[in-house]
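K.L.:
attaching a predicted model along with its sequence, questions to come.
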There are 2 protein chains.
Amino acid sequence: MIQTKLKAAIRDIPDFPKPGILFKDITPILKDAALCCDILDAFSSELKDIQIDVVAGIESRGFLFGLMLANKLGVPFVPIRKQGKLPFKKIQQPCELEYGSAILELHEDAILPGQKVLIHDDLLATGGTVSAATRLIKQLQGEIAGYAFVISLDFLNGKEALEKENCRVISLISY
Amino acid sequence: MIQTKLKAAIRDIPDFPKPGILFKDITPILKDAALCCDILDAFSSELKDIQIDVVAGIESRGFLFGLMLANKLGVPFVPIRKQGKLPFKKIQQPCELEYGSAILELHEDAILPGQKVLIHDDLLATGGTVSAATRLIKQLQGEIAGYAFVISLDFLNGKEALEKENCRVISLISY
């Protein structure tokens, strides 16, 4: 079972990046090529009945499995980045994070109106980041096909924040 | 030819992130799943006679093809990140960039002594970042198996900076 393998691989780091936060370190997953392959297979299986035209991955850890997933699905990958990183014409949305705040950006040509976009990040916490990502996609008249996370911290209620989108929210392991 | 496809896809952005810099925007590549597949095949082909135990990818754009390449080779992926991002015990090296400076970090458990490490980033400019990455790998007693970049800006002489490592330096397209 992928949940058992993920649970064994994910490393808890207390008090990172701030006191009181128990950080989920995914770097041991990345060292296990077979487990990475399992993750891609699990995402594909969960998504097989959903139309996806584009995968959007959120900087930085959402780049890791995001591009692989887009390639496996045979669709474009678009990066959602922190302010100042994307070089072309872009749009912005502010976001509240579990610790701090930021501005996220997306290239204006990333999404065509009506395209169905899967938003990916490694971890769902409070949902502040993916909510900002959702607003970016909608600002370009894209539709949200679903959300795919490796990890969900359910006690932070991020899934509830995404419920109003009325689409599939996938996490391979929940805490 | 992959060079022709890459040249057609890469978008030049003048004066980003600073006046006088002609930035190579790879986001159009990421929207072309077939071209991404070609990139992986080209890397694999160029690397087929080199022993690689680990792929190290440099934040953030080195995460995109880095994890895919590691998975294709069936070896661990380790992220090299900017200061403050990696949660576990780590080592540091300063680096000089084309525009500005930074500190790069690597987890202490990322590399075992003697492991042969391929360093990957999307683009080779002056070589400041990959030189710092090289020092990180060597600090953990890893060996440099080679370097793989999608793009090399040869006029910035980054390849010369890596010559002393006496190993393969691959770039799929050069300017």
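P.N.:
Ah, there it is. Residues are numbered from 1 along each chain as shown, chains lettered A, B, ... in the order given.
K.L.:
tell me the residues of chain A that contact chain B?
P.N.:
Counting by CB under 8 Å from any CB of the partner chain, chain A comes close to chain B at A:11, A:13, A:16-17, A:23, A:25, A:27, A:30-33, A:36-37, A:59-61, A:63-65, A:67-68, A:70-71, A:73-79, A:81, A:84-88, A:107, A:110. Glycine gets a C-beta too; all of them are placed from N, C-alpha and C.
K.L.:
what do you get if the cut-off is 6 Å, keeping everything else the same?
P.N.:
Within reach of chain B by CB under 6 Å from any CB of the partner chain, chain A has these residues: A:13, A:16, A:23, A:25, A:27, A:30-31, A:33, A:36, A:59-60, A:63-64, A:67-68, A:71, A:74, A:76-77, A:87-88, A:107.
K.L.:
in helices, which of the residues you listed appear?
P.N.:
Using DSSP state H, the members of the residues of chain A next to chain B that fall within helices are A:27, A:30, A:33, A:36, A:63-64, A:67-68, A:71.
K.L.:
could I get the residues you listed as a markdown table with neighbour count and pLDDT?
P.N.:
Formatted as a markdown table, those follow (neighbours: other CB atoms under 10 Å in any protein chain shown; pLDDT from 0 to 100):
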| residue | neighbour count | pLDDT |
| --- | --- | --- |
| A:Thr27 | 21 | 98 |
| A:Leu30 | 26 | 98 |
| A:Ala33 | 18 | 98 |
| A:Cys36 | 21 | 98 |
| A:Phe63 | 29 | 98 |
| A:Leu64 | 28 | 98 |
| A:Leu67 | 25 | 98 |
| A:Met68 | 27 | 98 |
| A:Asn71 | 24 | 98 |
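K.L.:
from the centre of chain A, point out the most distant residue.
P.N.:
Distance from the C-alpha centroid of chain A, by CA atoms, centre = their mean, peaks at A:Pro19 (24.5 Å).
K.L.:
please enumerate the strands of chain A.
P.N.:
Assigned by DSSP state E, the strands in chain A fall at A:11-14, A:22-25, A:54-58, A:77-82, A:90-96, A:101-107, A:116-124, A:143-152, A:168-174.
K.L.:
contacts for the fourth one, please.
P.N.:
Applying CB atoms under 6 Å, 6 or more residues apart in numbering or on different chains, the contact partners of strand A:77-82 are A:54-56, A:58-59, A:66-67, A:70, A:102, A:104-106, A:110, A:133, B:30.
K.L.:
quick one: mean pLDDT for that strand?
P.N.:
If you average the pLDDT over strand A:77-82, you get 98.
K.L.:
give me the angle between it and strand A:101-107.
P.N.:
150 degrees (axes from the mean of the first three to the mean of the last three CA atoms, to 10 degrees).
K.L.:
return the set of buried residues in strand A:77-82.
P.N.:
Within strand A:77-82, the residues that count as buried by 16 or more other CB atoms under 10 Å in any protein chain shown are A:77-81.
K.L.:
quick one: that strand to chain centroid distance?
P.N.:
Offset of strand A:77-82 from its chain centre (CA atoms, centre = their mean, to the nearest Å): 10 Å.
K.L.:
same thing with the longest one?
P.N.:
Using CA atoms, centre = their mean, the mean C-alpha position of strand A:143-152 is found 6 Å from that of the whole chain.
K.L.:
pull stretch A:53-73 out as CSV, backbone CA atoms only.
P.N.:
The C-alpha trace of stretch A:53-73 is given here as CSV (Å, rounded to 0.1, in the frame of the first residue of the first chain):
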residue,chain,number,x,y,z
ASP,A,53,-6.0,19.9,-19.9
VAL,A,54,-3.2,21.5,-17.9
VAL,A,55,-1.3,20.7,-14.7
ALA,A,56,-0.3,23.7,-12.6
GLY,A,57,2.4,23.1,-10.0
ILE,A,58,3.2,25.5,-7.2
GLU,A,59,6.8,26.6,-6.5
SER,A,60,9.0,24.9,-5.4
ARG,A,61,8.1,21.5,-4.2
GLY,A,62,5.0,21.4,-6.5
PHE,A,63,7.5,21.4,-9.4
LEU,A,64,8.9,17.9,-8.4
PHE,A,65,5.9,15.7,-9.1
GLY,A,66,3.9,18.4,-11.1
LEU,A,67,5.9,18.2,-14.3
MET,A,68,6.1,14.4,-14.1
LEU,A,69,2.4,14.1,-13.6
ALA,A,70,1.7,16.5,-16.6
ASN,A,71,4.1,14.5,-18.7
LYS,A,72,2.4,11.2,-17.7
LEU,A,73,-1.0,12.7,-18.6
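K.L.:
what residue lies at the spatial centre of chain A?
P.N.:
Note: chain A centre (CA atoms, centre = their mean) maps to A:Asp121, 1.8 Å.
K.L.:
since that was my last question, I'll sign off now.
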